[in-house]
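Engineer: Turn this into a structure:
(2 chains)
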Amino acid sequence: MEITLKVFRYNPEKDAKWHYETYVIEGQPTDRVLDLLEYVKGYIDGTLSFRRSCAHGVCGSDAMRINGRNRLACKALVRDVGTKITVEPLIGLKVIKDLIVDMEPFFDNYKKILPFLINETPPPADGKERYQSPEDRAIFDDTTKCILCACCTTSCPSFWANDDYVGPAAIVNAHRFIFDSRDEAANERLKVLNSMFGVYRCHTIFNCTEACPREIQVTKAIGEVKMAILRGKIK
Amino acid sequence: MENKFNFEGLAWKWMRYSAFLLIPLVWIHAIIQALIVGGHNLSLDYVAMRWAIWGWRVYDIFLLAFAFSHGMNGLRQVLMDFVKGSRPRRLLNGLIFFAWLLLTALGATAVIGGVRMP
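Structural biologist: You can find the predicted model right below:
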């Protein structure tokens, strides 16, 4: 089948302004958008730039806007997005080249919520792991699925307006540790999120939930963090 | 958990509490004014009759206090998304607060003063 692929192009060394280029290529309904981009790069225009790594929906490198929606190019099939496909970089982050955006502001916000297990208590005497019940694990199970692709954060109008807002991805990852029974730094994280650019910039628009390629209930997780702040306790 | 005072947190809570109160206040108001009385019957005479009962004046003050503060706080929260820097944010907060205070005072004066028929 014939596929029309319209791709956002911008080379800061050559182009004064961004533009779109259209490629008409042959493909299959089961092809992924990433396959189409690889084809263009390999056979038509080697200067096309985009990020990709695992190509199996795990690393989160190839997040981009496909037909106006944030998706992973490696998970978007032609049969789902149609034969007329527009591919653009994520919104809210500076474009470095073509489909590559500067992820630094995203990771700066991520770092603010201390995304690592903090536990000052000495490990159990037997030297084995800190036990956690399946029920305690289930509380934050959903938010462990985040792959930091930035689909949620760059679909959020509050983040588009102001990149000081930590964004949904940072809150999801804070949730992952705040509700972890083994972690002891929930207070520190909630302090970061209980601020002007924390959870209060979330207006429950639900774009993040819709955009998440891992189907994490992002808005629900943000709501749980808001409730933890409101109640002053986690459980 | 340490839960320090935070203006944004307070404003966020206010949106929820005021919305909760607005549901009965606005519904009762809308049903009476729009459905029972009917928009075409709303006149100065009707308002004078309504405000002759102090209970309705208190009701309208509540409506004014919760509806208008809810709306202005919502506007403030949306505008805050677009303002960068702590000084411009303080300025915007101040402007919205004074606009809210002025219009609330005007509305409250009208409700308390009532209608004087010529």
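Engineer: Local confidence estimate at the spatially most central residue of chain A?
Structural biologist: Residue closest to the average C-alpha location in chain A (Cα atoms, centre = their mean): A:A150, at 2.3 Å. At A:A150, the model reports a pLDDT of 97.
Engineer: Tell me, domain by domain, which residues of chain A belong where.
Structural biologist: A:2-101, A:104-231 (automatic domain parsing).
Engineer: Can you name the residues that contact A:H19?
Structural biologist: Residues counted as contacts of A:H19 (Cβ atoms under 8 Å, 6 or more residues apart in numbering or on different chains) are A:9-10. From N, CA and C alone the C-beta is placed, and that goes for glycine too.
Engineer: how far away is it from A:R51?
Structural biologist: 20 Å (Cβ to Cβ, to the nearest Å).
Engineer: A:G167 too?
Structural biologist: 19 Å.
Engineer: out of those two, which sits in the busier spot?
Structural biologist: Comparing A:G167 with A:R51 by other Cβ atoms under 10 Å in any protein chain shown, the one with more neighbours is A:G167, at 26 against 17.
Engineer: residues touching that one, list them.
Structural biologist: A:106, A:109, A:152-153, A:156, A:159.
Engineer: which one is it nearest to, not counting chain neighbours?
Structural biologist: Distances taken as Cβ to Cβ, 6 or more residues apart in numbering or on different chains put A:T153 closest to A:G167, at 3.6 Å, once the chain neighbours are dropped.
Engineer: Within its local environment, how many residues does that neighbour see?
Structural biologist: 33.
Engineer: got it, and the one 3 residues further on?
Structural biologist: Using other Cβ under 10 Å, A:C156 has 26 other residues around it.
Engineer: Check the gap between it and A:N162 for me.
Structural biologist: In terms of Cβ to Cβ, A:C156 sits 10 Å off from A:N162.
Engineer: Break down chain A into its strands, ranges please.
Structural biologist: A:2-9, A:19-26, A:63-66, A:69-72, A:84-88, A:95-97, A:100-101 (DSSP state E).
Engineer: I'd like to check the angle between the second one and strand A:84-88, please.
Structural biologist: Read that as strand A:19-26. 140 degrees (axes from the mean of the first three to the mean of the last three Cα atoms, to 10 degrees).
Engineer: thinking A:S53 is in contact with A:S61, fair?
Structural biologist: Yes: counting by Cβ atoms under 8 Å, A:S53 touches A:S61, with 4.2 Å between them.
Engineer: between these two, which one's more packed in?
Structural biologist: A:S61 (21 against 11).
Engineer: center of chain B, which residue is that?
Structural biologist: Closest-to-mean residue, chain B, Cα atoms, centre = their mean: B:F68 / 2.1 Å.
Engineer: How about it, nearest residue that isn't a chain neighbour?
Structural biologist: In space, B:F68 is closest to B:T104, 5.9 Å off (Cβ to Cβ, 6+ apart).
Engineer: Please consider this matter closed, and thank you.
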